[in-house]
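**Student:** Provide a 3D model corresponding to the input given below.
(one chain, ligands or ions: 2)
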Amino acid sequence: MDHRVTLTQHLLREVEAHAPGGGPVASILAQVATACKEIRAELAEVGLGSLAGMQGGVNVQGESVHKLDWFANEVFTKHFRGSGLLCTLISEEMEDIYHLDEDCPRAQHVLCYDPMDGSSNLDVDGAVGTIFSVRRKSTGKTHGKPEEVFEPGTEQVAAGYVLYGPQCMLVYAVGGNVHGFTLDTAVGEFFLSHPNIRMPEHGKEFSANMARLDAWDPAFREFVRNHSHGGSAARSYSLRYIGALVADFHRALLRGGVFFYPGDANNPHGKLRLLYEAAPLAYLAEAAGGAASSGRERILSIVPDGLHVRTPLIIGSRYEVSAIESLLAGERQGVANASLA
Ligand code: AHM
Ligand code: MG
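**Tutor:** Numbers count the residues shown, from 1 in each chain. Ligands and ions are numbered 1, 2, ... in the order given. Just a heads-up that it's a prediction; the model follows:
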């Protein structure tokens, strides 16, 4: 039987080699994987147990909380409290930072995460995910405060996601390398299945909530129209939308193409959160040779000024991301010229 590389073996080798101070980062990612296995086990049984349905109440974003949103967040806090691995947790489900005083003297890192991404899919047995990002804790005045993570996404030292689909996959990036693992449920281990993932230069699919088309910048409508079958562009696309960012991004990572969630007049920054959704996936996309933009700037350059700030997101293959950026830039130029005329 061929030797199979476990996630733990891989982390010890890869993270030590590529991330400064790699040892703790490898342990953090291994602990994230353990937490996600616990979440996955619960997801597999959810229709039979007591975690189906809504928790009641809304989170900091004003969104209804599923019992599994809450459960998944608890799994993370439980696995890291007292572990000595992390100083601070920042989650979509917690308004404030979760500072682990007792772990801080030793721990060197902060974890930003969305424990249950795409949770509206839970009611229909659709794909959901977990997104995670590791940053170094600050040693200055911001230590233990939200401002600790008010740094651009380039400061991330590792990022990744788990996709709870027909298979459970964990994908992580560190030091410009992206690797994917598939959970062998019989063994309870993630094994390397997708080494050195590279995002195709362009793809055949785009992904967006098309019900919002009329609310977006005209540039997005132009992209869709030009790239529809019979449109003016050389390439034409099929539309794919799962409604869980992890699942839609995963498809773009493996097959190429683009996902976008623009802003509109009511929500100029769109829906997706920078620290634990856009920035980690942007880190992965760039490491795999793809791109991620807000339409105005590189996602990894944006400096957050709050834990739950949002950003428009255009992410995927370089060709498609830059095609949309060019249309947006052309539109801004047109507006500027019109105001001068
Ligand atoms: P969530 O983290 O609260 O589940 O919200 C984020 C999700 C993303 O997974 C997905 O890309 C997006 O919301 C879908 O939004 P919409 O239903 O507006 O298309
Ligand atoms: Mg989310």
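
**Student:** Residue 218: how many residues sit nearby?
**Tutor:** Counted with other C-beta atoms under 10 Å, the neighbours of residue 218 add up to 13. For the C-beta atoms, the positions are set from N, CA and C on the backbone; glycine is no exception.

**Student:** and the closest residue to it other than its chain neighbours, what does it touch?
**Tutor:** Ranked by C-beta to C-beta, 6 or more residues apart in numbering and with sequence neighbours excluded, the top spatial neighbour of residue 218 is residue 331, at 6.3 Å. Neighbouring residues of residue 331 by C-beta atoms under 8 Å, 6 or more residues apart in numbering: 217, 218, 219.

**Student:** Where does residue 331 fall, secondary structure wise?
**Tutor:** Taking DSSP states H and E as the criterion, residue 331 maps to helix 318-340.

**Student:** Return the set of buried residues in that helix.
**Tutor:** 318, 319, 320, 321, 322, 323, 324, 325, 327, 328, 331 (16 or more other C-beta atoms under 10 Å).

**Student:** Out of the residues you listed, which comes closest to ligand 2?
**Tutor:** Ligand 2 has its nearest neighbour among these in residue 321, at 20.3 Å by C-beta to the ion.

**Student:** Now the helix holding residue 331: average pLDDT?
**Tutor:** Per-residue pLDDT over helix 318-340 has a mean of 89.

**Student:** Stretch 194-207 now?
**Tutor:** 97.

**Student:** and that stretch with ligand 1, contact?
**Tutor:** No - using C-beta under 6 Å from any ligand atom, stretch 194-207 stays clear of ligand 1, coming no nearer than 8.5 Å.

**Student:** send the alpha carbons of that stretch over as CSV?
**Tutor:** Output of stretch 194-207 as CSV, limited to C-alpha atoms (Å, rounded to 0.1, in the frame of the first residue of the first chain):
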residue,chain,number,x,y,z
HIS,A,194,-4.0,18.0,-3.7
PRO,A,195,-0.3,19.0,-3.3
ASN,A,196,0.9,22.4,-4.6
ILE,A,197,-2.4,23.7,-5.9
ARG,A,198,-2.1,26.3,-8.6
MET,A,199,-5.2,28.3,-9.7
PRO,A,200,-5.7,28.2,-13.5
GLU,A,201,-5.0,31.5,-15.2
HIS,A,202,-8.6,31.7,-16.3
GLY,A,203,-11.7,29.6,-16.0
LYS,A,204,-15.1,28.9,-17.6
GLU,A,205,-17.4,29.8,-14.6
PHE,A,206,-18.3,32.8,-12.6
SER,A,207,-20.1,32.9,-9.3
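
**Student:** I would like the residues contacting that stretch, please.
**Tutor:** Stretch 194-207 is contacted by residues 169, 171, 177-182, 223-224, 227, 235, 237-242, 248, 251-260, 285, 288-290, 316-320 when judged by C-beta under 8 Å, 6+ apart.

**Student:** go on, stretch 260-274?
**Tutor:** Residues outside stretch 260-274 that contact it (C-beta under 8 Å, 6+ apart) are 61, 92, 114, 153, 206-209, 212, 215-217, 220, 245, 278, 295, 299, 302, 304, 308-315, 324.

**Student:** any idea what sits nearest the closest residue to ligand 2 within the stretch 51-200 of the chain, other than its immediate chain neighbours?
**Tutor:** Residue nearest to ligand 2 within the stretch 51-200 of the chain (C-beta to the ion): residue 117, separated by 3.5 Å. Of all residues beyond its chain neighbours, the one nearest residue 117 is residue 129 (4.5 Å), with distances taken as C-beta to C-beta, 6+ apart.

**Student:** Cross-check the contact I'm expecting between that neighbour and residue 115.
**Tutor:** No - using C-beta atoms under 8 Å, residue 129 and residue 115 do not qualify as a contacting pair, with a distance of 9.6 Å.

**Student:** Number of residues surrounding residue 191?
**Tutor:** That count, for residue 191 with other C-beta under 10 Å as the rule, works out to 15.

**Student:** how about it, secondary structure?
**Tutor:** Following DSSP: H, G, I helix; E, B strand; the rest coil, we place residue 191 in the strand state.

**Student:** what's the closest non-adjacent residue to it?
**Tutor:** Leaving aside its sequence neighbours, residue 191 sits nearest to residue 4 (C-beta to C-beta, 6+ apart; 4.6 Å).

**Student:** Could you check how far the one you found is from residue 168?
**Tutor:** Per C-beta to C-beta, to the nearest Å, residue 4 is found 16 Å from residue 168.

**Student:** Now residue 87: phi and psi?
**Tutor:** The phi and psi values for residue 87, taken as degrees, to the nearest 10, are phi -90, psi -40.

**Student:** who's in contact with it?
**Tutor:** Listed by C-beta under 8 Å, 6+ apart, the contact partners of residue 87 are 99, 100, 103, 104, 107, 108, 109, 110, 137, 143, 144.

**Student:** ok, which pair from those is furthest apart?
**Tutor:** 99 and 108 (14.3 Å; C-beta to C-beta).
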